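**Q** Predicted structure and sequence below. I'll ask about it afterward.
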Amino acid sequence: MNVRRRFREILAAPGLLLIPGAYDGLSARIIEEQGFQAIVAGGYAAAGSLLGQPDTGQSNMRDFADHYARICAAVEIPVYADGDTGFGGVNNVRQTVKAFEKAGVAAMFFTDQVFPSRCGYLPGKQVVPLEQMLAKVKAALDARADESMMICARTDVFALEGEDAAIARCRAFMEAGADMAKPQGVDTPEGIARVLRDVPGPFIATLSQAAGPNHLSADRLEALGVHAATLPSLTLFAAARAVREVLGALKAARSLSDVQDRLITLDDYYRVVRLDEQLAREAAYDEAAAKLARVAKP
């Protein structure tokens, strides 16, 4: 099944869909290997993994499109991608949607922050006028070639003007034709219940390390009726801690044998990156080529 239709299907299925975040192709492969049905690829993880910097708008659209293309190519499950602000006006949004669609994403979201944006949990955000964001929503919808690719419009106005303003913007986004609308920062049970009541379409909660350690549990979110929850920075934070701890132990012990038990085994790594599949493919092509060469000999 087309990954875009698949994403719509699993999002509409009963229960809470957990969507871990990938920061590169390898982390995406591991998420898929562990049996998760979808992946989120966000700007926070991209900025951290690619640049070693916080998410304050340093990357451009082409960087993101290339990054997401590598993640999509590594897996067969749907990838839900962060489109930042669309990287400018309506023409930039059109280019973003077309590039992300070509990269293979199943769904994408973009925000009403001014460009350059910053992580939704950092201070100092500003948003564009509602009319400007609605024009960008229309441009995004017109730009996609495959209508099964979901377009989510996110607002960051909650941190500036409160819940009423966030709900009003989300309703306007849905009326403009968006497949989903996300009020960033509305994370309390009461706020989520209001969004589910007042904003049509699926609701995807965000469980980000950037929001701090206190999150609603998956069971509580499911009980509220939330359709899915993304964990966009989980693998990034897990990897950063693991790498730091291994390097610290290596520096202290000055011996690879003392950290070997903290590493993935060679066989396990090759299984994740599918070495056997590549070797089998090479052998099959070599065998086919040898047969053709024998036939071609005079």
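**A** Structure received.
**Q** What are the boundaries of the strands in the stretch 1-150 of the chain?
**A** Using DSSP state E, counting those that start in this stretch, the strands of the stretch 1-150 of the chain run over residues 17-20, 39-41, 79-82, 107-111, 150-155.
**Q** quick one: strands adjacent to the third one?
**A** Looking back up the chat, that one is strand 79-82. Looking at strand 79-82 with DSSP bridges, its partner strands are strand 39-41 (parallel), strand 107-111 (parallel).
**Q** Now it: average pLDDT?
**A** If you average the pLDDT over strand 79-82, you get 97.
**Q** residues making contact with that strand?
**A** 3, 7, 19, 22, 28, 38-44, 46, 64, 68, 71-72, 100, 103-110, 150, 230, 232 (CB atoms under 8 Å, 6 or more residues apart in numbering). Every residue, glycine included, has its C-beta placed from N, CA and C.
**Q** try stretch 252-261
**A** With CB under 8 Å, 6+ apart as the test, stretch 252-261 has contacts from 246, 249, 250.
**Q** where does the first one fall, phi/psi-wise?
**A** I take that to be residue 246. phi -70, psi -40 (degrees, to the nearest 10).
**Q** Would you check that it makes contact with residue 263?
**A** Yes: look at residue 246 against residue 263 with CB atoms under 8 Å: they come within range, at 7.1 Å.
**Q** out of the two, which sits in the more crowded spot?
**A** The residue with more neighbours, out of residue 246 and residue 263, is residue 246; 15 against 12, by other CB atoms under 10 Å.
**Q** All the helices of this structure, in order from the start?
**A** All helices of the chain, identified by DSSP state H, fall at 3-12, 25-33, 43-46, 61-74, 90-103, 130-143, 158-161, 163-175, 189-198, 218-224, 234-253, 266-272, 275-296.
**Q** The fifth one versus helix 130-143: what angle between them?
**A** So that's helix 90-103. 40 degrees (axes from the mean of the first three to the mean of the last three CA atoms, to 10 degrees).
**Q** Helix 90-103: which residues count as buried?
**A** Going by neighbour count (16 or more other CB atoms under 10 Å), the buried part of helix 90-103 is 90, 92, 93, 94, 95, 96, 97, 99, 100, 101, 103.
**Q** Please report the distance of the nearest residue to the last one once chain neighbours are set aside from residue 63.
**A** Think residue 103. Distances taken as CB to CB, 6 or more residues apart in numbering put residue 69 closest to residue 103, at 3.8 Å, once the chain neighbours are dropped. Going from residue 69 to residue 63 by CB to CB, to the nearest Å gives 11 Å.
**Q** So for the two, which sits in the more crowded spot?
**A** residue 69 (18 against 15).
**Q** Could you list the domains of the chain?
**A** Domains of the chain are assigned by automatic domain parsing as 3-232, 241-296.
**Q** Do me a favour and get the end-to-end distance for the longest one?
**A** If I follow you right, that is domain 3-232. 19 Å (CA to CA, to the nearest Å).
**Q** Give me whichever of the domains of the chain is most buried.
**A** Among the domains of the chain, domain 3-232 has the highest mean neighbour count (mean count of other CB atoms under 10 Å), at a mean of 19.
**Q** Run the chain-centre distance for that one.
**A** Using CA atoms, centre = their mean, to the nearest Å, the mean C-alpha position of domain 3-232 is found 7 Å from that of the whole chain.
**Q** Could you check the pLDDT of residue 117?
**A** In this model, residue 117 carries a pLDDT of 79.
**Q** That one contacts residue 84, doesn't it?
**A** Yes: contact criterion CB under 8 Å: residue 117 and residue 84 qualify, at 5.6 Å.
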